[in-house]
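J.: got a predicted structure plus its sequence, pasted below:
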Amino acid sequence: MTPDGTPLRVAFFGHAQGRRGDGLSTYSSELVRALRAEGVHVRFFAHRADGDVVPVDRHDARLMDAWHFKTMTIPHPGATRAIREELRRFRPHVVHISWSFSLRDGAIARAAHDLSAACVATFHLPHGPEGTARAAVLQGLYRYHRLQMRHVDRCITLSPGQRDLLARAGYPAEKIVVIANGVDTDAITPGPSGARGELGARLLVLYIGRLDPEKRVPALVESFISLNLPDDHVLCIAGDGVQRDRLRRLAEGRSNVRLLGLVSSTRALELLRGCDVFVLPSTAEGLALSLLEAMAAGCAIVATDAGDDARALEGAGIVIPTHPLRPALDDAMRRLVREPVLRASLGEAARKRAVNEFAMTDTARRVMAVYTRAIRTRRAAPGTPAAAALP
């Protein structure tokens, strides 16, 4: 709350759901919902191309026009001017950018400062094992984005690895705060599910997420097929992406490999509650929200040591090397398929870890503390009007 008793005003530039099925849209949805529950007045900005599912308060959302090209979002002409007008009317205390919102993120940060508002960014770019070609590409992207972040007062990274890479790229280390992804452990819980019965599965293996190369879902399908499991042992793939057609070819003629496409959050929870083994075979991550959701639902999990996933899951699931993926993935799935007692114990441990370390209410309060520090920094900056409406 501000000194005059009005709610803290935050303009949040994030990602809507509808045509997206990734961690960026989930981060926006869940964090905005949690901030509002803490009394923060959030005006949510997203791109129409993402979809039209926006967090909670639809009248307080602004859907902007843009073009998506692979991993880039290119705003329509006039978008920056429209954003400036919206911010001028709203007069936020903080502008929070889920980086990258679009190729105009730097302009949004400058617009915040023009209004004497603080600017905070959450940096989502993943990172992979040192020494790999992908790690070299990602390090180049970190340097590029650091140049665009000159007007960001505080940067939230999801893991220590991201923090270290961003600082190495030249962003001031003293401005970086590590706040892990959070998950709504009150909404996402273990519970009954009709998913196995509906799918005709005595045992259900599940992946939820993007179907893009770094997720290595084709390798998961190939590994599952190589185990020669009975037809009532089913692998479900929920999500969409550039590898959709390749996965369809791999699954052709396999009655126990099901491609579900994008699923709603309600359907995702039903699948998580019904699954026996959740698998995340990524080659690069920050801290995967799908992993945290599976943990909150009490799943037995196999995940690679990409990004901060290994630290999050250590002792509460099976962590395998990012490279080489196989045969470690085959062995881990085979073990969990054969050992129901182990599945149960790992699921309980994962749920406990999610509740104790990754609850979204704690994440939201830590983000609000970052807002407070960023506001103080902005108020102390030379040229900031003393009469600015800041707490």
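T.: Okay, I see it.
J.: buried residues in the longest helix anywhere in the chain?
T.: If you go by DSSP state H, the chain has its longest helix at helix 360-380. For helix 360-380, burial by neighbour count (16 or more other C-beta atoms under 10 Å) applies to 360, 362, 363, 364, 367, 368, 370, 371, 374, 375, 378. Using the backbone N, CA and C atoms, a C-beta is placed for each residue, glycine as well.
J.: can you map out the strands along the stretch 151-300 of the chain?
T.: Counting by DSSP state E, counting those that start in this stretch, one finds strands in the stretch 151-300 of the chain at the ranges 154-157, 176-178, 203-208, 233-238, 257-261, 277-280, 300-304.
J.: neighbouring contacts of stretch 219-235?
T.: 199-207, 237, 247, 250-251, 254-258, 279, 281, 325-326, 329-330, 333-334, 337 (C-beta atoms under 8 Å, 6 or more residues apart in numbering).
J.: need the buried ones from those residues selected in ChimeraX.
T.: To isolate the buried subset of the contacts of stretch 219-235 in ChimeraX, counting by 16+ other C-beta under 10 Å, use the following:
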select :199,201,203,204,205,206,207,237,247,250,251,256,257,258,279,281,325,329,330,333,337
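J.: and residue 97, what element?
T.: For residue 97, the element it lies in under DSSP states H and E is strand 94-99.
J.: where's residue 66 relative to residue 80, distance?
T.: Noted for residue 66: a distance of 12 Å to residue 80, by C-beta to C-beta, to the nearest Å.
J.: which neighbours do the two share?
T.: Contacts common to residue 66 and residue 80, judged by C-beta under 8 Å, 6+ apart, are absent.
J.: which one's more surrounded, those two?
T.: Counted by other C-beta atoms under 10 Å, residue 66 and residue 80 do not tie: residue 66 has more neighbours, with 21 against 15.
J.: so what pairs up with that one in the strands?
T.: residue 75 (DSSP bridges).
J.: distance-wise, check it relative to residue 79.
T.: 7 Å.
J.: repeat that for residue 163.
T.: Look at residue 163 and residue 79: by C-beta to C-beta, they are 30 Å apart.
J.: need the overlap of contacts for residue 66 and residue 79.
T.: The contact lists of residue 66 and residue 79 share residue 102, where a contact means C-beta under 8 Å, 6+ apart.
J.: coming back round to it: pLDDT-wise, what's the bottom of the buried residues of helix 360-380?
T.: Lowest pLDDT of these: residue 378, 88.
J.: so how far is residue 99 from it?
T.: From residue 378 over to residue 99 (counting by C-beta to C-beta), the distance is 18 Å.
J.: do residue 368 as well
T.: 19 Å.
J.: now swap in residue 285 and tell me
T.: For residue 285, the distance to residue 99 equals 16 Å [C-beta to C-beta].
J.: tell me which of those two has more neighbours.
T.: Between residue 285 and residue 99, residue 285 has the larger neighbour count (other C-beta under 10 Å), namely 30 against 23.
J.: relative to residue 11, how far out is that one?
T.: Residue 285 sits 28 Å away from residue 11, going by C-beta to C-beta.
J.: low-confidence ranges in the stretch 1-150 of the chain?
T.: 1-6, 19-21, 54-59, 70-71, 128-135 (pLDDT under 70).
J.: let's go with 50 and repeat that
T.: 3-4 (pLDDT under 50).
J.: quick one: the helices in it?
T.: 23-37, 79-90, 105-114, 133-148 (DSSP state H, counting those that start in this stretch).
J.: deepest-packed of these, please.
T.: helix 23-37 (a mean of 22; mean count of other C-beta atoms under 10 Å).
J.: helices or strands next to that helix in the packing?
T.: On a contact count with 3 or more C-beta pairs under 8 Å, 6 or more residues apart in numbering; DSSP states H and E, helix 23-37 meets strand 9-13, strand 41-47, strand 94-99, helix 289-296, helix 360-380.
J.: could you list the residues in contact with that helix?
T.: 10, 12, 14-17, 42, 44, 46, 50-51, 53-57, 98, 122, 124, 181-184, 209, 288-290, 293, 360-361, 363-364, 367-368.
J.: what of stretch 357-377?
T.: Outside stretch 357-377, the residues that touch it by C-beta under 8 Å, 6+ apart are 8, 10, 30-31, 34-35, 37-38, 40, 93-94, 96, 118-120, 153-154, 156, 177, 179-185, 292, 295-296, 312, 390-391.
J.: pull out the buried members of these.
T.: Buried among the contacts of stretch 357-377 by 16+ other C-beta under 10 Å: 8, 10, 30-31, 34-35, 40, 93-94, 96, 118-120, 153-154, 156, 177, 179-185, 292, 295-296, 312, 390-391.
J.: show me what contacts the closest residue to residue 188 other than its chain neighbours?
T.: Spatial nearest neighbour of residue 188, excluding adjacent residues (C-beta to C-beta, 6 or more residues apart in numbering): residue 296 at 4.1 Å. Contacts here follow C-beta under 8 Å, 6+ apart; on that basis residue 296 touches 183, 184, 185, 188, 189, 350, 351, 354, 355, 358.
J.: ok, residue 62 next?
T.: Per C-beta under 8 Å, 6+ apart, neighbours of residue 62: 43, 44, 45, 46, 86.
J.: of the residues you listed, closest to residue 217?
T.: Lowest distance from residue 217 to those (C-beta to C-beta) belongs to residue 46, with 26.0 Å.
J.: residue 346 is nearest to which of the helices and strands packed on helix 23-37?
T.: Taking C-beta to C-beta, helix 289-296 is the member of the helices and strands packed on helix 23-37 nearest to residue 346, at 9.8 Å.
J.: mean confidence for that closest one?
T.: 96.
J.: could I get that helix in CSV with only the CA atoms?
T.: Below are the C-alpha coordinates for helix 289-296, written out as CSV (Å, rounded to 0.1, in the frame of the first residue of the first chain):
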residue,chain,number,x,y,z
LEU,A,289,7.2,-24.0,-14.1
SER,A,290,5.9,-27.4,-15.5
LEU,A,291,8.4,-29.1,-13.2
LEU,A,292,7.1,-27.1,-10.2
GLU,A,293,3.5,-27.9,-11.1
ALA,A,294,4.3,-31.6,-11.3
MET,A,295,6.0,-31.4,-7.9
ALA,A,296,3.0,-29.6,-6.4
